[in-house]
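A.B. asks: dropping the sequence and predicted coords here.
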Amino acid sequence: MSEPKNKRQKREDYRAALRANGVTELPRKKFYRQRAHANPFSDHSLIYPPTPKQMDWASLYPHYAVEEPTEQKTETTESEKTTGQELSAPAIRKLTKNVEVADIGCGFGGLLIALAPVLPETLVLGLEIRVSVTQFVEDRIKALRVQNEEQKLYRNIAVLRANTMKFMPNFFNKGQLNKIFICFPDPHFKARKHKQRIVSTTLNSEYAYVLRPGGIIYTITDVPDLHEWMVGHFNAHPAFERVSDEEQEADPLVEIMRNETEEGKKVTRHNGQKHVALFRRLEDPQWPEEVSA
Amino acid sequence: MALPFHVLKVCDDIIFAARGNNIHSFNSSFEPISVWKYPVKQQETNEEKAESETPAPTVDVEGSPAPEGPPAKKRKVEDGEVVTVTGESKKESKEEAAEGQTEAKSEGQNQEVNRRSRRQKQKQKTEGGWAKNNKAVLEKPFVQGMYLTTNGRHLVAITGSDKTIWVFEHDGAGNLKQLSQRTMPKRPCALALTPDNKTILSADKFGDVFSLPLLFNPSEPTAAAATTTTTSEVATPEPTPSAPATPAVPTSPPTTDVAKAQSLSVKPQANELTVHTLRNLKALENQKRCLERQKAAKLAAALQASQFEHTLQLGHVSMLTSVAVAVHPAHPGRTYIITADRDEHIRVSRGIPQAHVIEGFLLGHDEFVSRVCIPEKRSDVLISGGGDDDLFVWDWVSAKLLGKAPVLAEVKKALAPEETEKVTKVAVTRIFDVQQGEKTQIFVICERIPLLLIYTLTSDNTLQHTQTLSLLGTPLDVEYLKAESRLIVSIDPNTSSETQEEEANNGGVSSILALSFGDSEASWKVTAGGLKVTEAAEDDSNLTPQDLQKLLYTTESLRKTNKDDE
């Protein structure tokens, strides 16, 4: 039984060496593998800010951090009246812009890396629940940033370990996001595990909360049942409407989503099907009293 | 060991107090009015059930699976034991009769086992064996919460382990009439009623909020039929095929234990390869068909249990702890649903029918949230508490934190020095508001802390600590008798610091304390006129103290301790 230990040792040595080298070469996936499923209901030891305001985005996107944090801060938070002294305690550097695109369950980060040059002016965040996989993407982005320093590429993408099913509102304000990608999510075939699916009527309300009206949710899966499930649940939700096929195919990001994610490539290798569906966030309805008035 | 009155609810001058799984009602001087007893599906308790003023008219949910299709025939066996025989097994026995000898033999076996099982049952009755079973005790569904409609006409209660919501009609004088009992798909943690008193919102352990109408008619006749057959009378068809070649296989007797019978009848012992005659094959086929029908019946019964109108309104991916329906004074026409969960979130959604719209989150808690309170006269403010050291005060409609008020610090101040060391965290279990003229007072209880913390919500929205009152035991719930300006606090008598002599002099251990506001001292103090209980009066509390603790003190367990990963 020395084999697994050996493997773990190798893994640790590799990652330590990578870090010592200043992360100039791309990480190798075999040292970051982790089983494909994570229980979204368990507590894990996640790190998340109590509120989006307390999120330290500058450490993820250092090139977009505001230059003089202390002076800027008082101006940007003037609208927030903070009485609790703890709230203003740590000086958090602000970003010049907010994250507007999220890839929920980004896996090994293929989509992020493909999106970086396509959306150069937008901050894109990958969210992944598995520790090792998140670490891989982090190392990958670090290496890419170093390798492409002159072109200033890959500075607009970052990855974060998070359980979005529970803690999405801890990271994003209401209406902050413009696009959400949900690519090849865990299908959770068993009926009793359906609550663990990343798309459900109740969770869609949270996506509607972080997405601004007009924003788009991109979904793709190779499992027909799951595709139907996702379409059914988004269609049933009053805050979303399905984007028409023509508009869907006209969106350049759909093609990237089809071909650039690691899962997407795998499905192509196996000649699998890929089911795409896009949904637009609608305006919130008027309050019933205002309708009647 | 005495069972405490762990949940209180006041309706004008009537006090409803839940003790274990029963609901007692008292007038304001603690004279008993009536008791609603949880209908126990045990033969001996049926009499009690009839005596209590509320017969259970509804579906016997946990009872036996109702035999669907043609009603089972009842056959009288010697000693007056009624055995239900379904068509198939009767046919089987006919076939057996043709075999003559085997029939006689198995019949004899049947009777023998019958007698034995009856003897066992008697033994159980005399010793109270069922209650000694620890699991059965833990399955005792304690009342978890009681809620009143604004007009006081209906009382809604949830019982824990059986996931049931009960609706009672209240005649205004303390008498309850059970109207309905509905078993939810998941265990409800908290309820709220809409301002029009027509809809119940049930927040459950799985994070979902369902809406269900307050009034509902269980109108299925089959359901009524199911209640008439008690568990001991139901006999499942004999699962063993009557294989004459192997008469040694004992035919299973009609067991008293339904679960046992079910587990036996899950699969026929024989299969097509082990039966050798055409007849036996036919018998086996019959049996399989019968089992399928049974399975379908079981499924139907399970479906029926959830066959009442309930609509999913919203959901968290986290256990919900508290739900409230709120109306902000600035928008009197709008209702909001406020839900709190174990993952530090308080969510503000729109009311029905737009509950899918999330208006905002009240974020800032570092530990679980266990209670939210919107004071009646200050409905622009929300006070939340849980595993954090402080209470949080929110402007909930604009999702702004207004301030915090210390809980742990106040607890430490009030406790004896040697106790202070031990208390490192608190779990708020109740936040209760009382309006006294212009003054909004907030009463706070923490789990296993024998103190009552009293705060005042000032007009500039700060929560000021005004008093800490030491209590005889750990408080469980707090309510307010408006007409008499009296506060009542139920305490766990098992934690009482009263000495034996005091108990003897007072005629029992204090279970509910009465508190009144002394104008001269400008503070609350315990006055005479509470409720005492005598330990001997306990009827069916075969609970061990550990079990009782588990049932009463559940809030601290919400704290996250699992810090391992991957």
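C.D. replies: Okay, I see it.
A.B. asks: in chain A, what residue lies closest to chain B?
C.D. replies: Using Cβ to the nearest Cβ, the single residue of chain A nearest to chain B is residue A:202, 2.8 Å away. For glycine as for every other residue, the C-beta is placed from the backbone atoms N, C-alpha and C.
A.B. asks: residue B:513 bridge partners, please.
C.D. replies: Beta-bridge partners for residue B:513, by DSSP bridges, are residue B:489.
A.B. asks: and for it, the neighbour number?
C.D. replies: Using other Cβ atoms under 10 Å in any protein chain shown, residue B:513 has 23 other residues around it.
A.B. asks: got it, and the one 5 residues further on?
C.D. replies: Neighbouring residues of residue B:518 were enumerated by other Cβ under 10 Å; the total is 11.
A.B. asks: tell me the contacts of the closest residue to it other than its chain neighbours?
C.D. replies: Computed as Cβ to Cβ, 6 or more residues apart in numbering or on different chains, the closest residue to residue B:518 that is not its neighbour in sequence is residue B:525, at 5.6 Å. The contact partners of residue B:525, by Cβ atoms under 8 Å, 6 or more residues apart in numbering or on different chains, come to B:469, B:515-516, B:518.
A.B. asks: up against chain A, what does the stretch 101-250 of chain B have?
C.D. replies: Residues of the stretch 101-250 of chain B lying near chain A by Cβ under 8 Å from any Cβ of the partner chain: B:206-208.
A.B. asks: of these, which belong to strands?
C.D. replies: Among those, the members falling in strands (DSSP state E) are residue B:208.
A.B. asks: quick one on the thing from earlier: just grab the bridge partners of the residue nearest to the residue of chain A closest to chain B when sequence neighbours are not counted for me.
C.D. replies: The spatial neighbour of residue A:202 that comes closest, neighbours along the chain excluded (Cβ to Cβ, 6+ apart), is residue B:315 at 2.8 Å. Counting by DSSP bridges, residue B:315 is bridged to residue B:208.
A.B. asks: shouldn't residue B:315 be in contact with residue B:210?
C.D. replies: No - if you go by Cβ atoms under 8 Å, residue B:315 and residue B:210 don't touch, sitting 9.3 Å apart.
A.B. asks: what about the two, which has more around it?
C.D. replies: Set residue B:315 next to residue B:210 and count neighbours by other Cβ under 10 Å: residue B:315 wins out with 25 against 21.
A.B. asks: residues touching the more buried one, list them.
C.D. replies: Counting by Cβ under 8 Å, 6+ apart, residue B:315 touches A:200-203, A:205, B:206-209.
A.B. asks: now tabulate those residues in TSV and tack on neighbour count and distance to residue A:44.
C.D. replies: TSV is the format used below for the contacts of residue B:315 (neighbours: other Cβ atoms under 10 Å in any protein chain shown; distance: Cβ to Cβ, whole Å):
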residue	neighbour count	distance to residue A:44
A:200	21	20
A:201	17	25
A:202	20	21
A:203	20	18
A:205	22	23
B:206	18	19
B:207	24	17
B:208	25	22
B:209	27	25
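A.B. asks: list of residues touching stretch B:383-390?
C.D. replies: Residues outside stretch B:383-390 that contact it (Cβ under 8 Å, 6+ apart) are B:321, B:340, B:346, B:362, B:365-375, B:391-394, B:404-409, B:425-428, B:431, B:433, B:442, B:444, B:457, B:463, B:555-556, B:558-559.
A.B. asks: next helix or strand past the helix or strand residue B:383 falls within?
C.D. replies: Element membership for residue B:383, per DSSP states H and E: strand B:381-386. Sequence order places strand B:390-395 as the next helix or strand after strand B:381-386, per DSSP H and E.
A.B. asks: quick one: strands adjacent to the helix or strand following that following strand?
C.D. replies: Using DSSP H and E, the helix or strand that follows strand B:390-395 in sequence is strand B:400-406. The strands beside strand B:400-406 in its sheet (DSSP bridges) come out as strand B:390-395 (antiparallel).
A.B. asks: what mean pLDDT does the strand it pairs with have?
C.D. replies: The average pLDDT for strand B:390-395 rounds to 95.
A.B. asks: what angle sits between it and strand B:381-386?
C.D. replies: Here strand B:390-395 runs at an angle of 150 degrees relative to strand B:381-386 (axes from the mean of the first three to the mean of the last three Cα atoms, to 10 degrees).
A.B. asks: stretch B:375-394: end-to-end distance?
C.D. replies: Distance across stretch B:375-394, first residue to last, is 12 Å (Cα to Cα, to the nearest Å).
A.B. asks: kindly apply the preceding question to stretch A:50-57 instead.
C.D. replies: End-to-end distance for stretch A:50-57, by Cα to Cα: 14 Å.
A.B. asks: for that stretch, buried residues please.
C.D. replies: Across stretch A:50-57, burial judged by 16 or more other Cβ atoms under 10 Å in any protein chain shown covers A:51-55, A:57.
A.B. asks: touching chain B at all, it?
C.D. replies: Yes - contact of stretch A:50-57 with chain B (Cβ under 8 Å from any Cβ) involves A:50-52.
A.B. asks: state the mean pLDDT of that stretch.
C.D. replies: Averaging pLDDT along stretch A:50-57 gives 91.
A.B. asks: ok, stretch A:272-289 next?
C.D. replies: Average pLDDT, stretch A:272-289: 92.
A.B. asks: how far away from the center of its chain is that stretch?
C.D. replies: 18 Å (Cα atoms, centre = their mean, to the nearest Å).
A.B. asks: stretch A:130-147 now?
C.D. replies: Worked out by Cα atoms, centre = their mean, stretch A:130-147 lies 14 Å from the chain centre.
A.B. asks: quick one: buried residues of that stretch?
C.D. replies: For stretch A:130-147, burial by neighbour count (16+ other Cβ under 10 Å) applies to A:130-145.
A.B. asks: got it, and stretch A:175-189?
C.D. replies: A:175-188.
A.B. asks: same check, this time on stretch B:364-376
C.D. replies: Neighbour-count burial for stretch B:364-376, counted by 16+ other Cβ under 10 Å, picks out B:364-365, B:367-375.
A.B. asks: briefly note if it comes near chain A.
C.D. replies: Yes - Stretch B:364-376 reaches chain A (Cβ under 8 Å from any Cβ) through B:364-366.
A.B. asks: let me have these in TSV, extended by secondary structure and distance to residue B:24.
C.D. replies: Compiled in TSV, these are given as follows (DSSP: H, G, I helix; E, B strand; the rest coil; distance: Cβ to Cβ, whole Å):
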residue	secondary structure	distance to residue B:24
B:364	coil	39
B:365	coil	35
B:366	coil	39
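A.B. asks: and those residues, which is closest to chain A?
C.D. replies: Nearest to chain A out of these is residue B:364 (Cβ to the nearest Cβ; 5.4 Å).
A.B. asks: thought residue B:403 was touching that closest one, still the case?
C.D. replies: No - between residue B:364 and residue B:403 there is no contact under Cβ under 8 Å: 10.9 Å.
A.B. asks: quick one, what contacts the closest residue to chain A within the stretch 1-150 of chain B?
C.D. replies: The minimum distance from the stretch 1-150 of chain B to chain A, using Cβ to the nearest Cβ, falls at residue B:150 (19.6 Å). Residue B:150 is in contact with B:193, B:195, B:197, counting by Cβ under 8 Å, 6+ apart.
A.B. asks: now flag whichever of the residues of stretch B:364-376 next to chain A is closest to residue A:46.
C.D. replies: Nearest to residue A:46 among the residues of stretch B:364-376 next to chain A is residue B:366, at 13.1 Å by Cβ to Cβ.
A.B. asks: what pLDDT does that closest one get?
C.D. replies: 92.
A.B. asks: verify the stated contact: it with residue B:344.
C.D. replies: Yes - between residue B:366 and residue B:344 there is a contact at 6.6 Å, judged by Cβ under 8 Å.
A.B. asks: cool, thanks, signing off.
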